[in-house]
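Peer 1: Please find the sequence and the predicted model below.
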2 protein chains.
Amino acid sequence: MPEQPLRITFQGARYAFSEMASRKFFGDDIETVPCRTFDDVFETVIAGNADYGVIPIENSLTGSIHRVYDLLLAHDLKLVGEVSLRVEQHLIAHPGVALEDIRVVYSHPQALEQCRKFLSSLENVESVASYDTAGSVKMIRDKNMRHAAAIGSRWAADDYGMQILKAEIEDIPENFTRFYVLSREQRTFGQADKTSIVFSMKSIPGALFKSLSVFALRDIDLLKIESRPLRGRPWDYIFYLDFAGDMNEERCQNAIRHLEEITTQLKVLGSYPAATPKNSNDV
Amino acid sequence: MPEQPLRITFQGARYAFSEMASRKFFGDDIETVPCRTFDDVFETVIAGNADYGVIPIENSLTGSIHRVYDLLLAHDLKLVGEVSLRVEQHLIAHPGVALEDIRVVYSHPQALEQCRKFLSSLENVESVASYDTAGSVKMIRDKNMRHAAAIGSRWAADDYGMQILKAEIEDIPENFTRFYVLSREQRTFGQADKTSIVFSMKSIPGALFKSLSVFALRDIDLLKIESRPLRGRPWDYIFYLDFAGDMNEERCQNAIRHLEEITTQLKVLGSYPAATPKNSNDV
């Protein structure tokens, strides 16, 4: 009897970037459980309705997604992996249709914005907002619209039997999103070499300096540090910190024990293999 | 002869949150110069086609906008002020229309998403994506659509003579955006008590620790710190840092001179009065 495929949950419609990140990490032999919101992704994993959740944490142009950090703090899921994915946009139409035939381009407003330079280079072409990118591809296929194109992913084009009329039309190609893989239990997918923690402290002068000393004293490299003011508690901050190391190492356990002496709250999200050895934002 | 009103440029359509931030900072006696992109805002100020630019830098749910930091590094504009604004969404319809009459709600997909819980509480109501929020308000007014509503700002409702059917329908009320005010020349709008800098350094162990020591040694409080890996240069990082102080103070000048000894690149964006004395993210 064949093994049951893993059930992976993520936020977004079919062909969302989160689904592509899921397939990049787990391969194509998965069962997908799409959710409407980030909250639903957490609930789905906690309830056991999926084996893993895949959730975006940071984009190279738009920054960290604080809402996801809030959910990581509120729930007790383990962070067991990360994936980095380049955000690419393609102009998709029926096979045989030429660029000159196109009079209207459909997509999510964010995708239209990301391709503004390309779109304004086309003459007599109207941009029309739609609810999701893959839905636009499906619509122009189903309605046999031969003077229309959609902006979406290569994968949506392939699966709907449509043609990429022009590839990589986004204005800024250096656009990457980093995703976290979440699980109810600690799992390992290879050798963990990166750990993510969240902590808060009173903003007494030099507090952050002291907290970083626990890593500097043990020659532990920092891969990310980000502060965020706690609303309603002026001068109190929460910090996101990634460091190079595995919580199975004694020096990492010592650093965290030392850090606990000076923080008001501390949570180790998990240790996992970095998406690439040296730079978490690379693919 | 009356004084010429200030010309303020920002990204977005009429009634964009950036226009509201502009009015919060400069008052209503301004001439607005809307732009399509963040790049255009910078170009407009540099070319002298506006006196000031107002640009979002950070959102409390979605994080720092790296693209704007990139533009601040690439161009030589001065950061002369900051504004914090709460992101509110309202359900807007014709006066006299009741909630039970509504069959379709138009707005930008991001606004629709932000109000998902409220929208799913309505029965037999369809959500339809549009290009911008204020445009949806204008459309249902112009076409006299009495079974439709739009999601948008109080200000758009007022100016188009429409009614707020239900106020503050966003799922997460704790949603604030912080904006920067940019100028060709250094200006002061009150006593500066906050300074923003950007710097980069080789990620040798303890480098960040050393760089923060220049502030800790002088009892200068940090208000924000954020790291970002430099793409294509693994282990090289860029840091965004805000501290409490004015570059006119000697201790701040000393700290920056000290920091220059250990950074590979350093840019002081500007000193300005914090949006509120204690917490830049408050309104």
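Peer 2: On my side now, so go ahead.
Peer 1: So which residue is dead centre in chain A?
Peer 2: Nearest to the geometric centre of chain A sits A:Pro56, at 2.2 Å (Cα atoms, centre = their mean).
Peer 1: ranges for the helices of the stretch 101-250 of chain A?
Peer 2: A:109-114, A:116-120, A:133-142, A:154-159, A:207-216, A:250-260 (DSSP state H, counting those that start in this stretch).
Peer 1: and of those, who's closest to chain B?
Peer 2: Taking Cβ to the nearest Cβ, helix A:207-216 is the member of those nearest to chain B, at 3.9 Å. C-beta: built from backbone N, CA, C; applies to glycine.
Peer 1: what comes up buried for stretch A:183-200?
Peer 2: Buried residues in stretch A:183-200, counting neighbours by 16 or more other Cβ atoms under 10 Å in any protein chain shown, are found at A:183-184, A:192-200.
Peer 1: Show me where chain A dips below the pLDDT cut-off.
Peer 2: Counting by pLDDT under 70, chain A shows low-confidence ranges at A:1-2, A:203-205, A:230-236, A:276-283.
Peer 1: Could you break it into its assigned domains?
Peer 2: Domains of chain A are assigned by automatic domain parsing as A:6-85+A:175-183, A:90-166, A:194-272.
Peer 1: Looking at the buried residues of stretch A:183-200, spot the one nearest chain B.
Peer 2: Within the buried residues of stretch A:183-200, proximity to chain B (Cβ to the nearest Cβ) peaks at A:Lys194, which comes in at 12.5 Å.
Peer 1: if I look at A:Glu82, how far off is chain B?
Peer 2: 13 Å (Cβ to the nearest Cβ, to the nearest Å).
Peer 1: can you map out the strands along the stretch 1-150 of chain A?
Peer 2: Secondary structure of the stretch 1-150 of chain A by DSSP state E, counting those that start in this stretch: the strands cover A:6-11, A:30-35, A:52-59, A:63-64, A:78-86, A:90-93, A:104-107, A:126-129, A:148-152.
Peer 1: Mind checking these for the one nearest to B:Ala134?
Peer 2: Nearest of the strands of the stretch 1-150 of chain A to B:Ala134, taken as Cβ to Cβ: strand A:126-129 at 13.8 Å.
Peer 1: Please name every helix or strand in contact with that closest one.
Peer 2: Under the contact definition 3 or more Cβ pairs under 8 Å, 6 or more residues apart in numbering or on different chains; DSSP states H and E, strand A:126-129 sits against strand A:104-107, helix A:109-114.
Peer 1: Let's have the ones you listed in CSV, adding distance to chain B and mean neighbour count.
Peer 2: What follows is the helices and strands packed on strand A:126-129, written out as CSV (distance: least, Cβ to the nearest Cβ, whole Å; neighbours: other Cβ atoms under 10 Å in any protein chain shown):
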stretch, distance to chain B, mean neighbour count
strand A:104-107, 10, 24
helix A:109-114, 6, 20
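Peer 1: Throw the ones you listed into CSV and include distance to B:Glu174, thanks.
Peer 2: Formatted as CSV, those follow (distance: least, Cβ to Cβ, whole Å):
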stretch, distance to B:Glu174
strand A:104-107, 30
helix A:109-114, 23
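Peer 1: who are the neighbours in contact with A:Asn248?
Peer 2: A:192, A:271 (Cβ atoms under 8 Å, 6 or more residues apart in numbering or on different chains).
Peer 1: Quick check: the gap between it and B:Glu58.
Peer 2: Separation of A:Asn248 from B:Glu58 (Cβ to Cβ, to the nearest Å) stands at 36 Å.
Peer 1: In contact with A:Phe26, which residues?
Peer 2: A:Phe26 makes contact with A:6, A:8, A:52 under the criterion Cβ under 8 Å, 6+ apart.
Peer 1: Can you tell me which of these is nearest A:Tyr237?
Peer 2: Set against A:Tyr237, the nearest of these by Cβ to Cβ is A:Tyr52 (30.9 Å).
Peer 1: ok, what's across the strand from the closest one?
Peer 2: A:Ile8, A:Ser183 (DSSP bridges).
Peer 1: What of A:Phe179?
Peer 2: Beta bridges link A:Phe179 to A:Pro56, A:Val83, judged by DSSP bridges.
Peer 1: Give the burial count for it, as a bare number.
Peer 2: 26 (other Cβ atoms under 10 Å in any protein chain shown).
Peer 1: That one and A:Ser22: what is the separation?
Peer 2: 8 Å.
Peer 1: list the residues that contact both of the two?
Peer 2: Counting by Cβ under 8 Å, 6+ apart, the residues touching both A:Phe179 and A:Ser22 are A:Val54.
Peer 1: Closest residue of chain A to chain B?
Peer 2: In chain A, the residue that lies nearest chain B is A:Gly63 (3.4 Å; Cβ to the nearest Cβ).
Peer 1: Show the contacting residues for that residue.
Peer 2: Residues in contact with A:Gly63 (Cβ under 8 Å, 6+ apart) are B:58, B:62-66.
Peer 1: which stretches of the stretch 151-283 of chain A form strands?
Peer 2: With strands called from DSSP E, counting those that start in this stretch, the stretch 151-283 of chain A shows them at A:163-166, A:176-183, A:194-202, A:222-229, A:236-244, A:265-272.
Peer 1: Check which strands are paired with the fifth one and give the direction for each one.
Peer 2: Under the criterion DSSP bridges, strand A:236-244 sits next to strand A:194-202 (antiparallel), strand A:222-229 (antiparallel) in its sheet.
Peer 1: picking up where we left off before, CSV for the strands of the stretch 1-150 of chain A, including distance to B:Glu88?
Peer 2: As requested, the strands of the stretch 1-150 of chain A are exported to CSV (distance: least, Cβ to Cβ, whole Å):
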stretch, distance to B:Glu88
strand A:6-11, 24
strand A:30-35, 26
strand A:52-59, 25
strand A:63-64, 22
strand A:78-86, 33
strand A:90-93, 36
strand A:104-107, 27
strand A:126-129, 22
strand A:148-152, 30
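Peer 1: right, so of these, which gets closest to B:Gly27?
Peer 2: Nearest of those (Cβ to Cβ): strand A:63-64, 30.2 Å.
Peer 1: Tell me, how many residues neighbour the spatially closest residue to A:Thr44 that is not a sequence neighbour?
Peer 2: Nearest residue to A:Thr44, sequence neighbours excluded (Cβ to Cβ, 6 or more residues apart in numbering or on different chains): A:Thr9, at 4.3 Å. A:Thr9: 25 surrounding residues under other Cβ under 10 Å.
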